[in-house]
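Undergrad: Here is my input; please provide its structure:
(one chain, ligands or ions: 1)
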Amino acid sequence: MSTDEKMAALLTEGRVFPPPDSFVENANARDKTLYENAEKDYEGFWADQAKELHWFRPWDKVLEWEVPFSKWFVGGKTNICYNCVDRHIKGALRNKAAIIWEGEAPEQQRVLTYWDLYREVNKFADVLKNQFKIDKGDRVTIYMPMIPELVIAMLAVVRIGAAHSIIFGGFSPESIKDRILDSQSKVVITADGGYRNGQVLQLKRNVDEALAGNDTPVTDVIVVRNMQYHMDIEINEDRDSWYHRVMRKANHFVPAAELDSEDLAFLLYTSGTTGKPKGIMHTTGGYLTGVHYSTKYVFDLKPEDVFWCTADIGWITGHSYITYGPLSNGATVVMYEGAPSYPDKDRFWHIIEKYGVTVFYTAPTAIRTFMRWGEKFPQRRNLSTLRLLGTVGEPINPEAWMWYYKNIGHERCPVVDTWWQTETGAIMVAPLPGVIPTKPGSATLPLPGYDVAVVDKDGHPVKRGEGGLLVVRKPWPSMLRGIYGDPDRYYETYWKKFGNLYFTGDGAKIDRDGYLWLLGRVDDVINVSGHRIGTMEVESACVDFPSVSEAAVIGIPHEIKGQAIVAFVTIKDGVAHTLDLIEEIESHVVEKIGAIARPEKIFITAELPKTRSGKIMRRLLRDIANGKVLGDTTTLADPKVVEELKQKYESEESS
Ligand code: WTA
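TA: The predicted structure follows:
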């Protein structure tokens with residue numbers, strides 16, 4: 001569907017769901033006070049939120065702002081790990097479950113109390129600091145499966161004032177290598193392998209490949225033994241150490257470093273419209289304030305809640321809503337290692353039943369998959385402990401929203417559609433579930449403390465009922481502080497378009513009640529199953545294949561994934577156009593980037609439509625792949641190219 005068609009479809013969505021009375025009664029936010037406070041005194045409001053955290057030293061100034069660089073809680077000293085762990089062991093939370101871990105093999109389960117987490121994190125912080133000489137400011141790369149040691153590792157890194165760079169376990173050796181080089185990490189923490197959908201992920205082997213060659217800054221690799229049976233991995237004695245061995249020699253206490261509010265906490269690489277993925281920088285005090293606040297109010301967390309966010313910690317959603325937000329609130333989180341269909345398609349519902357999950361947060365692509373599998377799977381399990389549902393990662397279509405509301409929430413649980421980005425660090429647009437009536441398909445309103453708007457191409461707010469570009473007009477505590485090593489690219493990507501507004505890259509519509517309806521990316525980023533992939537990255541992976549000469553990559557709508565990747569490629573003279581070739585190009589893309597970038601379709605063509613100045617017209621390729629009438633072709637060097645391409649594409653589709 002085009003943006004216009006999507007807007008028209010959404011306009012007809014008229015259902016409204018006010019918060020149920022029983023929910024409002026106990027909600028952390030029950031009225032508009034937070035909105036009013038934020039409106040009255042923006043900095044004062046954020047200072048109040050930051051005061052919920054432990055500070056070793058109070059800040060002198062709430063905000064220093066000079067476009068595009070912000071500093072929050074300037075002069076304040078704090079520590080993310082201290083806030084997530086240490087402060088809870090001094091009181092009643094000491095023996096509470098912090099992490100309930102469920103392995104993919106159904107009988108596997110581990111529970112870590114806050115005290116357990118405190119002990120393990122201290123020991124590993126000592127290992128990093130004293131055995132591996134990690135100092136404040138150093139970067140540490142983490143490439144791990146979804147196991148408790150991943151949370152322990154990230155907390156230990158920030159405890160000593162180093163910064164982590166976590167790489168999703170599905171990325172290829174080459175992607176790992178790029179990120180390690182860019183971040184100049186000295187140490188990599190990984191595991192021998194991981195389980196996913198009954199398969200074994202070769203994590204250590206991927207790291208070995210990424211570190212091959214002599215340009216690596218990495219001196220040490222710490223390996224968690226995760227596979228129950230012996231897994232054949234190579235151990236390089238000069239470089240590799242087993243986690244369980246180094247932990248045996250660790251001291252039991254390492255004080256949390258008193259860090260500056262603006263000290264780097266982590267880098268997280270995300271795809272952009274140009275070049276290689278960029279290292280989004282998040283700092284300490286502001287980031288934690290943003291995630292602490294949103295977890296408390298959007299997920300309405302209470303001491304007795306069991307919170308389950310199904311994301312992988314390799315993405316920002318896992319960073320913010322498995323580890324930092326819930327733990328700083330002293331919550332119990334469920335962490336699941338594996339796939340939703342293993343061993344059967346009711347696995348998620350089984351986990352909810354098993355642990356009495358109360359608040360559940362997942363992605364629209366997962367919901368659409370569950371819809372396709374059918375109601376019978378959730379019906380097998382008791383979901384009555386649930387009281388609140390959330391979604392994130394991509395626009396949710398009203399149909400999927402309603403399915404989730406009915407079949408998982410049994411029309412009892414509010415659904416919070418949460419819009420945010422790696423760059424925003426924390427949720428920015430979402431309903432406060434005890435205050436804001438929801439509409440299926442809308443992320444509703446900006447949370448208190450965020451000045452989010454929809455503007456036209458000149459930066460003027462659009463009228464209600466119209467669509468435009470989503471921007472943020474005021475700095476916020478958990479905003480990215482830049483792109484690692486590239487301040488110019490930071491300005492170019494997010495600020496250049498409007499000068500004083502942060503541009504999100506998303507399109508949105510604002511309805512007559514001021515509700516926001518997200519319409520997806522308006523730049524060259526494709527959102528496949530909630531994961532961002534730059535068209536440029538896929539294009540360069542395609543042309544890296546020896547017989548490919550040019551490539552143009554676009555996103556097309558996909559029923560389950562939201563969007564899927566289509567690559568149009570031209571091949572060098574004399575190369576035979578065979579099915580094998582298509583498969584080889586596909587595998588090459590997977591090898592270069594990872595399985596998430598696998599094209600849905602590769603279409604080989606003799607020529608790509610270009611303007612007279614040689615620019616590929618991706619807009620026309622989108623028209624072709626979407627089966628639409630071709631848009632304006634007058635600027636093309638040779639309009640015949642695109643006509644022929646359209647005919648061939650359509651005949652291939654129908655054959
Ligand atoms: C999209 C994930 C519509 C959006 C937290 C954004 C959404 C990108 C929503 C960020 C939502 C995320 N409704 N679209 N509720 N949540 N997006 O950095 O296009 O992986 O720009 O962060 O996902 O993806 P990222």
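Undergrad: Would you mind measuring from Y269 to the ligand?
TA: Distance, Y269 to the ligand, by Cβ to the nearest ligand atom, to the nearest Å: 11 Å. Heads up, the C-betas are built off the backbone N, CA and C, glycines and all.
Undergrad: Sheet-wise, list the partners of whichever helix or strand that residue is part of with their directions.
TA: Counting by DSSP states H and E, the element that carries Y269 is strand 264-270. Here strand 264-270 is paired, per DSSP bridges, with strand 163-166 (parallel), strand 278-283 (antiparallel).
Undergrad: The helix or strand following the longest one near the ligand at all?
TA: Pointing back at strand 278-283 there. Heading C-terminal from strand 278-283, the first helix or strand you meet, by DSSP H and E, is helix 285-298. No. Applying Cβ under 6 Å from any ligand atom, one finds helix 285-298 separated from the ligand by no less than 11.4 Å.
Undergrad: average pLDDT for the next helix or strand after helix 285-298?
TA: Following helix 285-298 in sequence order, the next helix or strand is strand 306-309 (DSSP H and E). Per-residue pLDDT values over strand 306-309 give a mean of 98.
Undergrad: just the strands in the stretch 251-400 of the chain please.
TA: Using DSSP state E, counting those that start in this stretch, the strands of the stretch 251-400 of the chain run over 259-260, 264-270, 278-283, 306-309, 332-336, 359-362, 388-392.
Undergrad: Can I get those strands in TSV including mean neighbour count and distance to W349?
TA: Conversion of the strands of the stretch 251-400 of the chain to TSV gives the following (neighbours: other Cβ atoms under 10 Å; distance: least, Cβ to Cβ, whole Å):
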stretch	mean neighbour count	distance to W349
strand 259-260	23	41
strand 264-270	24	30
strand 278-283	25	33
strand 306-309	24	11
strand 332-336	24	12
strand 359-362	25	10
strand 388-392	24	13
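Undergrad: May I see those strands organised as TSV, with distance to A430 added?
TA: Below are the strands of the stretch 251-400 of the chain laid out as TSV (distance: least, Cβ to Cβ, whole Å):
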stretch	distance to A430
strand 259-260	29
strand 264-270	20
strand 278-283	19
strand 306-309	14
strand 332-336	19
strand 359-362	11
strand 388-392	8
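Undergrad: just checking, P557 touches G627?
TA: No. When contacts are counted by Cβ atoms under 8 Å, P557 is not listed as touching G627 (10.9 Å).
Undergrad: Enumerate every residue touching I142.
TA: For I142, the contacting residues are L150, A153, M154, V157, H164, S165, I166, I167, V188, I189, T190, by Cβ atoms under 8 Å, 6 or more residues apart in numbering.
Undergrad: What about those residues, which are in strands?
TA: H164, S165, I166, V188, I189, T190 (DSSP state E).
Undergrad: What parts of the chain come near the ligand?
TA: So the chain meets the ligand at 270, 315-317, 392-395, 417-422, 443, 504-506, 518, 520-521, 527, 532 (Cβ under 6 Å from any ligand atom).
Undergrad: Tell me which entries of those residues lie within helices.
TA: I316, T317 (DSSP state H).
Undergrad: Can you tell me the number of residues neighbouring the nearest residue to G279 once chain neighbours are set aside?
TA: Once flanking residues are discounted, G279 sits nearest to Y484: 3.3 Å by Cβ to Cβ, 6 or more residues apart in numbering. Neighbour count of Y484, defined by other Cβ atoms under 10 Å: 24.
Undergrad: Show the pLDDT at Y484.
TA: 97.
Undergrad: residue contacts, it?
TA: Going by Cβ under 8 Å, 6+ apart, the list of residues near Y484 reads D182, S183, L267, K278, G279, I280, M281.
Undergrad: wouldn't the fifth one be in contact with I483 here?
TA: Going back to what we said before, that points to G279. Yes. The pair G279 and I483 qualifies as a contact (Cβ under 8 Å) at a distance of 6.1 Å.
Undergrad: number of nearby residues for the residue in the stretch 501-650 of the chain positioned nearest to the ligand?
TA: In the stretch 501-650 of the chain, the residue that lies nearest the ligand is L518 (3.5 Å; Cβ to the nearest ligand atom). Other residues lying near L518 total 21 when counted by other Cβ under 10 Å.
Undergrad: Equivalent analysis for K96, please.
TA: 17.
Undergrad: Look up how far the ligand lies from it.
TA: Distance from K96 to the ligand, counting by Cβ to the nearest ligand atom: 27 Å.
Undergrad: next one: phi and psi at that residue?
TA: phi -80, psi 150 (degrees, to the nearest 10).
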